[in-house]
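1. below is the sequence, then the predicted model.
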Amino acid sequence: MKTFRIGGVHPAENKLSAGSPIREAALPKQAIFSMFQHIGAPAKPVVKKGDVVKVGTLLGEAGGFVSAPIYSSVSGKVSKVDVALDASDTRRMAVYVDVEGDEWEESIDRTPDLVRLEDRPDLDAQTIVEKIKQAGIVGMGGATFPCHVKLCPPPGQKAECVIINAVECEPYLTSDHSLMLEKADEILVGVSLIMKAVSVDRAYIGIENNKPDAIKLMQEKAKAYPQIEIVPLKVQYPQGGEKQLIDAVIGRQVPAPPAIPISVGAVVQNVGTAFAIYEAVMKNKPLISRIITVTGKSVKNPSNLLARLGTPFSQLIEECGGLPADTGKIIGGGPMMGKALISLDIPMTKGSSGLLIMNEKEARRTAPEPCIRCAKCVSACPMGLEPYLLAKISSQYMWEEAEKEDIVSCIECGSCAFTCPSHRPLLDNIRLGKSTVMGIIRERAAKK
Amino acid sequence: MSNRLIVSLSPHVHSGDSIQKNMYGVCLALVPALVASLYFFGLGAAVVLLTSIVSCVFFEWAIAKFILRRERTTIMDGSAILTGILLGFNMPSNLPVWIIIIGALVAIGVGKMTFGGLGQNPFNPALVGRVFLLISFPAQMTTWPVSGSVEYLDAQTGATPLALMKWAIQSGDVSVLKDLPSSVDMLVGVHGGSLGEVSAILLLIGCLFMIVRKIITWHIPVSILGTVALLSGILHMANPVYADPISVLCSGGLMLGACFMATDYVTSPMVPKGQIIYGVAIGALTVVIRNWGAYPEGMSFAILIMNAFTPLINTYCKPRRFGEVIRKEAKK
Amino acid sequence: MNVILIAVIVLGVVGLVSAVVLFLASKKFAVWEDPRIQQVSEVLPQANCGGCGYPGCSGFASACVKAAESGSLSDLNCAPGGQAVMEQVAGILGLKASAAAPKVAVVRCQGTCDVRPHGVEFDGVHSCKIQNMTGMGETQCLYGCLGEGDCAAACLFGAIKVNPATRIAEVDESKCTGCGSCAKSCPRGIIELIPQGPKNRKVVVLCNNKDKGALATKECKVSCIGCGKCVKVCDKFEAITLGTNLAHIDPDKCKMCRKCEEACPRGAIKAFNFPPRKPKTETAPVASAAAPKAEAPVAKAPVASKPEAPVVKEAPAPVAPVVEKKVETPKDNETAV
């Protein structure tokens, strides 16, 4: 069974909501659309207070090439354009829409019929990329990198294959799993669209073997697509990391930054992205909803919800049996890389793959003890770094040394802090070092 | 929700591993050898081990509390107990209690707490204690009771395999080696020596247990044992005055050192490549000291010497970075 | 005799060879250094605080010598040493020191626990920079003091400390040299270096909140809401400007009239080291007319406590009995929180 070659850990999977069917969440009373739902330039609001919007109406246009437009997922009236607390735990520009009814833009095809690639011979690579760009699709795995940017390789570099990330290596999360079980056909069409967009004839879908039902179903369905191969992978975190996935599936390692996956000929997209691409291109539906796993050991009814973007997290929890009394921490995303949220009023965004409720006992960190130099972090690091050293030099603000030790290669997967027997906050310090060193590098580049 | 929400940076889960689990795991791995030493040396073993453990834990507690004035002492993390067991394993079963207590004081006080306690010491504390005793009380430390002599102070003493090997080399008389116990006896531990030096096979079982439980990796023990086997094999073939590899591997503190002392987290290198360099160097030094040095046993010195080189090895041995192969190819 | 002779000869030869080697090495590897660098170094405080922007005092010394070639030391200033040291340096280099006003650090945040509740709990490394990476931090204010003490760790003079009761950093002006290490260490840029002022007096807006008024009010009881009242009362001197919803007093223009302090409805402006106001001169009609409700929050804030002597340090715990009453309120609140 394939997997990536360096490091890795195996956290308890806790996939509580596995196998539970996708449920559609109720419409919120008020939806809040952050203009910062992706990496890159923020979207610019194009509506003002009092404007009437429908499902699929443009709210914010892309603020640059590395950016994505934002569409309304509800119909109603814009109540204000103001700052709002978002999933980054800061207040940033957002559009508030008071929901009235559920009216959709007419251009959106709402029929459930499957449209195959053969049915649309008019689509060429450029049209597909343009449609993806217009639909505001970003990486749905959580990184939220604008999708069309990845589909436009820089000059001189050629994609050789498409790799679809259906690994879902984060514990607890099952949104991709449930999506594959219910929308396998659509996903495969989406994958074919991506292949066409970057004009390659090979695609791999990497699935960890803790989802045997999904592997079986996808293999069954993929028989009709000889160019798409389903690759079962050994369960290992962080296999869903772009670089780790490429290593696991095609055995090539992306060199240190500034190299990107395309440097080794791979285009990686999340399985949720593939589905969103299908909807955008074939159904003309911009990115207005996504599957989110609402889970946690104390949550009464862990489920996979199909929710409209902008729905406050508090409502999603209500749908799953309410906030447990012993809640200690609320995490947007998975437990390894997710972000702890400071409020439940935060609305879900394009990157919200999960909402994890932890009770207070789970939530609290154990007090750190001295480093015993056991080297478990070194063997766990999937990037071949020395986390104990990086954390130490970062906490002493030794930025030059940190740069020499390749701190910028860190992918912040958290394997080091997860495995540390002394419970040392390795990643906290490494993150500080990484962001500072990256700032220094940017400054240096700007001077030149 | 009665309390305030907790906010922290990811990751939000932990493997559940802890210092205690690792330390007590090593202690558990030492239990078979411990039982064997009680069986072979009886009361003496019990007295030596108990004194050593209790005084190590006591000194750790006392130094942390009264000299370093720490609020929280670390005696419960198991590292002092482990040092105690290892120190006891390095002593003959007829050692007077007061010498053991001095050894524990040096091991914990000088070897560990002077540097700031757990995780800070450059040398393995148990070995610091042992070498201090070996140099200060050479007579007491090198008169070993024969196996099966279960009395404490007035146990029957005899020559150990190591002493025989040394004598063979010094006299150039191969016939001396005939007095060595058989390979089976050596493996099981029916020969004289320090408490933990007797049963090679039980120590190996403990080592395997630690590797399976992922407390340690295979690199250090395998590289040490492999190097010693290879070098002593070559020497034995060149000149039969030098003992055969199996006797060399099973005698003295080699097994204990390779499996439990050299693998000490704090004082061994971090990266597999470095661990192998460290292991090979320890193996080579051991063979050199055993065959041509003044002392019959070279393991503790070899480990201490390499402990001193550990920071250097850590500086120069870096793990293979992700994508490094390709980076090198691209340069070409 | 023979033995002694051999020993002497051997040692002598070894010594001679070593001497030759040392001599050759010193010639071969000699690096010429301007002797003035050493001289300048000697008069510097040797705190190696880095406040000058150079790596330590020797770095600063070589920068001074280099600058001397261009004929001016105006860009360089040793904050801990102050004017006296700079004059000495200038003397060595045969130049004139430019007059630089001694500066002192102020923490522009008064968001103590009782006026700015800690809504969530941060569980991680005690470092402001790391807490700041979580986004908002423990309070609702994105601009306020995080209270983990990066500034205290950066200060080499023990002049800034986080008060455990208020969880706000406080500057001890008598120790502060104005080197600026703390300002650099603060991830939120709360600490500002301002001139010490005549008799150490100065008036400062103690807030860094750039949110709009309504939001700022919600976030903290003593936040600057950008209402502009202070700008209006200062129309004569034009010392106060309004940035992004945040007032700022230009210390060079400020005439220390303290009108803005009275005018601020939020108690966000504070005058340092002024003698206590006499009850007679207290502009009661102005205060009550401008904002009758404003007095309550001002009184509640512990920083409203006025030092009794003209030149007092910014004492965290005032001792005057009159003041105690005022401080009591927040203390009670705290235990209730």
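-> Looks like it came in fine.
2. quick one: list the elements packing against the longest helix seen in chain A.
-> If you go by DSSP state H, chain A has its longest helix at helix A:426-447. Using 3 or more Cβ pairs under 8 Å, 6 or more residues apart in numbering or on different chains; DSSP states H and E, the elements in contact with helix A:426-447 are helix A:387-395, helix A:399-404, helix A:415-419, helix C:128-132. To be clear about C-beta, it is placed using only N, CA and C from the backbone, and glycine gets the same treatment.
3. among these, which comes closest to chain B?
-> Closest to chain B of the helices and strands packed on helix A:426-447 is helix A:415-419 (Cβ to the nearest Cβ; 5.0 Å).
4. could you dump that closest one to PDB, C-alpha only?
-> The C-alpha trace of helix A:415-419 is given here as PDB (Å, rounded to 0.1, in the frame of the first residue of the first chain):
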ATOM      1  CA  SER A 415       2.900  16.100  13.700                       C
ATOM      2  CA  CYS A 416       5.700  17.200  15.900                       C
ATOM      3  CA  ALA A 417       3.600  18.700  18.600                       C
ATOM      4  CA  PHE A 418       1.200  15.800  18.300                       C
ATOM      5  CA  THR A 419       3.900  13.300  19.000                       C
END
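5. once you drop chain neighbours, what's closest to the residue of the stretch 201-332 of chain B found nearest chain C?
-> Residue of the stretch 201-332 of chain B nearest chain C, by Cβ to the nearest Cβ: B:Met270 (21.8 Å). Distance criterion Cβ to Cβ, 6 or more residues apart in numbering or on different chains; nearest residue to B:Met270, sequence neighbours excluded, is A:Ala375 at 4.2 Å.
6. who are the contact partners of residue 162?
-> As the question left the chain open, I've gone with chain A. The contact partners of A:Val162, by Cβ atoms under 8 Å, 6 or more residues apart in numbering or on different chains, come to A:Val191, A:Ile194, A:Met195, A:Val198, A:Val200, A:Arg202, A:Ala203, A:Tyr204, A:Ala266, A:Val267, A:Val268, A:Gln269.
7. correction: the question concerned chain C.
-> Each residue near C:Val162 by Cβ under 8 Å, 6+ apart is listed here: C:Gly147, C:Glu148, C:Gly149, C:Cys151, C:Ala152, C:Ile168, C:Ala169, C:Glu170.
8. how near is B:Ala262 to B:Asn124?
-> Distance, B:Ala262 to B:Asn124, using Cβ to Cβ, to the nearest Å: 8 Å.
9. can you pull the pLDDT of the residue of the stretch 201-332 of chain B closest to chain C?
-> The confidence metric pLDDT takes the value 93 at B:Met270.
10. is it true that it touches A:Glu386?
-> Yes - the criterion here is Cβ atoms under 8 Å, and B:Met270 meets it with A:Glu386 at 6.5 Å.
11. overlap in contacts of these two?
-> With contacts defined as Cβ under 8 Å, 6+ apart, the residues shared by B:Met270 and A:Glu386 are A:Val378.
12. before we move on, the earlier item: in a markdown table: the helices and strands packed on helix A:426-447, plus mean neighbour count.
-> As requested, the helices and strands packed on helix A:426-447 are exported to a markdown table (neighbours: other Cβ atoms under 10 Å in any protein chain shown):
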| stretch | mean neighbour count |
| --- | --- |
| helix A:387-395 | 24 |
| helix A:399-404 | 17 |
| helix A:415-419 | 28 |
| helix C:128-132 | 22 |
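13. now distance to A:Pro302 too, for those helices, in JSON lines please.
-> What follows is those, written out as JSON lines (distance: least, Cβ to Cβ, whole Å):
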{"stretch": "helix A:387-395", "distance to A:Pro302": "32"}
{"stretch": "helix A:399-404", "distance to A:Pro302": "40"}
{"stretch": "helix A:415-419", "distance to A:Pro302": "22"}
{"stretch": "helix C:128-132", "distance to A:Pro302": "31"}
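14. picking that back up, could I get the contacting residues of the residue of the stretch 201-332 of chain B closest to chain C?
-> Counting by Cβ under 8 Å, 6+ apart, B:Met270 makes contact with A:Arg373, A:Ala375, A:Val378, A:Glu386, A:Tyr388, B:Asn314.
15. quick check: closest non-adjacent residue to whichever residue of the stretch 101-250 of chain A sits closest to chain C.
-> Closest residue of the stretch 101-250 of chain A to chain C, Cβ to the nearest Cβ: A:Thr144 (15.9 Å). Spatial nearest neighbour of A:Thr144, excluding adjacent residues (Cβ to Cβ, 6+ apart): A:Gly351 at 3.9 Å.
16. quick one: that neighbour and A:Ala87, what's the gap?
-> Distance, A:Gly351 to A:Ala87, using Cβ to Cβ: 7 Å.
17. before we move on, back to that, so the residue nearest to A:Thr144 versus chain C, what's the distance?
-> Distance of A:Gly351 to chain C, computed by Cβ to the nearest Cβ, to the nearest Å: 15 Å.
18. contact partners of the longest helix of chain A?
-> A:377, A:387-388, A:390-395, A:397, A:399, A:402-403, A:407-408, A:410, A:412, A:414, A:416-417, A:420, B:9-11, C:124-125, C:127, C:129-130, C:133.
19. quick check: residues of chain C near chain B?
-> Residues of chain C found near chain B (Cβ under 8 Å from any Cβ of the partner chain) are C:His118, C:Gly119, C:Val120, C:Glu121, C:Phe122, C:Asp123, C:Gly124, C:Ile130, C:Met133, C:Thr134, C:Glu138.
20. residues from the stretch 1-150 of chain C in reach of chain A?
-> Going by Cβ under 8 Å from any Cβ, the residues of the stretch 1-150 of chain C near chain A are C:119-120, C:123-125, C:127, C:129-130, C:133-136, C:142.
21. would you list the buried entries among the contacts of C:Val162?
-> With neighbours counted by 16 or more other Cβ atoms under 10 Å in any protein chain shown, the contacts of C:Val162 contain buried members at C:Gly147, C:Glu148, C:Gly149, C:Cys151, C:Ala152, C:Ile168, C:Ala169, C:Glu170.
22. farthest pair within those residues?
-> Farthest apart among those by Cβ to Cβ are C:Glu148 and C:Glu170. That separation is 14.2 Å.
23. and the residue of the stretch 1-150 of chain B nearest chain A?
-> Taking Cβ to the nearest Cβ as the measure, the point where the stretch 1-150 of chain B comes nearest chain A is B:Pro11, at 3.2 Å.
24. same deal with chain C?
-> Closest point on chain C to chain A, by Cβ to the nearest Cβ, is C:Gly135, at 2.8 Å.
25. what's the burial count for that residue?
-> As a burial measure, C:Gly135 scores 19 neighbours (other Cβ atoms under 10 Å in any protein chain shown).
26. ok, and the closest non-adjacent residue to it?
-> Spatial nearest neighbour of C:Gly135, chain neighbours left out: A:Asp89 (2.8 Å); criterion: Cβ to Cβ, 6+ apart.
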